[in-house]
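Peer 1: sharing a sequence plus its predicted fold:
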Amino acid sequence: MAGNYVLRVSDLGIDIEHLKTPVFLVDEARLRVNARILQGVIERTGCRIILALKAFSTYATFHVLRETLHGTCASSPDEARLGREAFGKEVHVYGAAYSDEDFRVLLRYADHIDFNSFGQWEYFRPLALQAKKKKNIHFGIRVNPEHSEAPVPMYDPAAPFSRLGVVRSQFRADLLDGISYLHFHTLCQKNADALVRTLQAFEEKFGEFIPKMAYINFGGGHHITREDYDVDLLCQTITTFKSKYGVQVYLEPGEAVALNAGYLVATVLDVIHNGMDIAILDTSAAAHMPDVLEMPYRPHILESGLPHEKPYTYRLGGVSCLAGDVIGDYSFDRPLKRGDKLVFTDMAIYSMVKTNTFNGIRLPDIAIMDSEKGWVRLHKRFGYQDFKRRL
């Protein structure tokens, strides 16, 4: 399949002109492509791959993924419940800390629970071991290899003074009774070479404990379905590790599962001029795609170019009152006018799970489509009560 930057609106296989906007579109055809790539990794290595719900939780598409992936990983009781009820396979959980109430709920839905510290493990251990007598549930420790690969500090779990994972100096070998796996996570949108470097740091610090475990969770951030990803190196790395230590390996990608599988369609509401042409859209970076401001990054729009690359350049702004609600500067082959529709790409991941109702701006509709079969159907529409109930 062609990459986002050469796709045209006509390649979507649906008529966007009659869509009510803003609307997220999730393409089942692209999810199938990603699932086949992940299935290849599973077949070549025997590893287990689970979906990180923090990146993609659109349960209406889980039927596409369920046959390939082994389950889901969650960061809260609600995500764990969604994984259990909507995906119906293994449920893994990691949280920076658990309240008493949340932990009791997690025991109901989870098959695997990670602890972020030995203090948390000591506190919950009696309850955890009691639960283990009643169901087949596993407990693990997240460790911090103190090796950074993430591109920005906000997304670096191994940054100095990170609260995520146990560093080697705080590791308690005397408290491993009842612990059946270790979990590390250092990657963010990375290729397999970053995993190789992380594994080296992980083995140097925690290698003596690996043979005592049933499996090791390699975390997420593996961009496996990206066109330039080195799948051969990933498979070789997993196979070598499994053979060396005699343990199973889990991966928990989020972005890779739904990479390039989503779009956000927005409509131009107005065009103004203040030193440059500015188009106001019916969407919002602050409310509908907050990573644009947090990361920050510039999402691609189908049939657009960099500023001044095409004849007409515009700054695209959101509909909220936030002065900084700016998506970026883009150029187009023709002037923009009220009613024109723009298609933002790669919006299945992190956008829908991070949306908010700042200014009372309604959340975008969610629709499911199939670019190969040419259909689209509305999955969910939000209204006033969704805004009101949150407050």
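Peer 2: That came through fine. Numbers count the residues shown, from 1 in each chain.
Peer 1: can you spell out which helices and strands pack onto the longest strand along the chain?
Peer 2: In the chain, taking DSSP state E as the definition, the longest strand is strand 262-273. Applying 3 or more C-beta pairs under 8 Å, 6 or more residues apart in numbering; DSSP states H and E, one finds that strand 262-273 makes contact with strand 23-27, strand 277-281, strand 341-345, helix 351-354. In this view, the C-beta of every residue, glycine as well, is placed from N, C-alpha and C.
Peer 1: contacts made by the helix or strand hosting residue 43 with the rest, please.
Peer 2: Element membership of residue 43, judged by DSSP states H and E, is helix 28-45. Here helix 28-45 makes contact (C-beta atoms under 8 Å, 6 or more residues apart in numbering) with 1, 47-49, 61, 64-65, 67-69, 224-225, 231, 234-235, 238-239, 242, 249, 251, 253, 256-261, 368-373.
Peer 1: where does the prediction get shaky in the chain?
Peer 2: 1-6 (pLDDT under 70).
Peer 1: related to what we said a few turns ago, could you say what helices and strands the next helix or strand after the helix holding residue 43 packs with?
Peer 2: Using DSSP H and E, the helix or strand that follows helix 28-45 in sequence is strand 48-52. If contacts are counted by 3+ C-beta pairs under 8 Å, 6+ apart, strand 48-52 sits against helix 28-45, strand 71-74, strand 90-94, strand 248-251.
Peer 1: centre of the chain to strand 48-52, how far?
Peer 2: Distance of strand 48-52 from its chain centroid, counting by C-alpha atoms, centre = their mean, to the nearest Å, is 11 Å.
Peer 1: now the angle from it to strand 90-94?
Peer 2: Per axes from the mean of the first three to the mean of the last three C-alpha atoms, to 10 degrees, the angle that strand 48-52 makes with strand 90-94 is 60 degrees.
Peer 1: how much space separates the residue of the chain most remote from its centre from residue 226?
Peer 2: Distance from the centre of the chain peaks at residue 275, with 37.4 Å (C-alpha atoms, centre = their mean). With distances taken as C-beta to C-beta, to the nearest Å, residue 275 is found 37 Å from residue 226.
Peer 1: what about the residue farthest from the centre of the chain, which SS state?
Peer 2: Of the three states, residue 275 takes coil according to DSSP: H, G, I helix; E, B strand; the rest coil.
Peer 1: separation between it and residue 173?
Peer 2: Residue 275 is 63 Å from residue 173, where distance means C-beta to C-beta.
Peer 1: and if you look at residue 207?
Peer 2: According to C-beta to C-beta, residue 207 and residue 173 sit 13 Å apart.
Peer 1: so those two - more neighbours on which side?
Peer 2: Using other C-beta atoms under 10 Å as the criterion, residue 207 and residue 173 rank with residue 207 on top: 13 against 9.
Peer 1: excluding chain neighbours, what is closest to residue 249?
Peer 2: Nearest non-adjacent residue to residue 249, counting by C-beta to C-beta, 6 or more residues apart in numbering: residue 47, 4.4 Å away.
Peer 1: what's near enough to touch the one you found?
Peer 2: 41, 238, 242, 248, 249, 250, 251.
Peer 1: for the fourth one, which non-adjacent residue is spatially closest?
Peer 2: Among residues not flanking residue 248 along the chain, residue 215 sits closest, at 3.7 Å (C-beta to C-beta, 6+ apart).
Peer 1: shouldn't that neighbour be in contact with residue 251?
Peer 2: No: Residue 215 sits out of contact with residue 251 when judged by C-beta atoms under 8 Å, with a separation of 11.0 Å.
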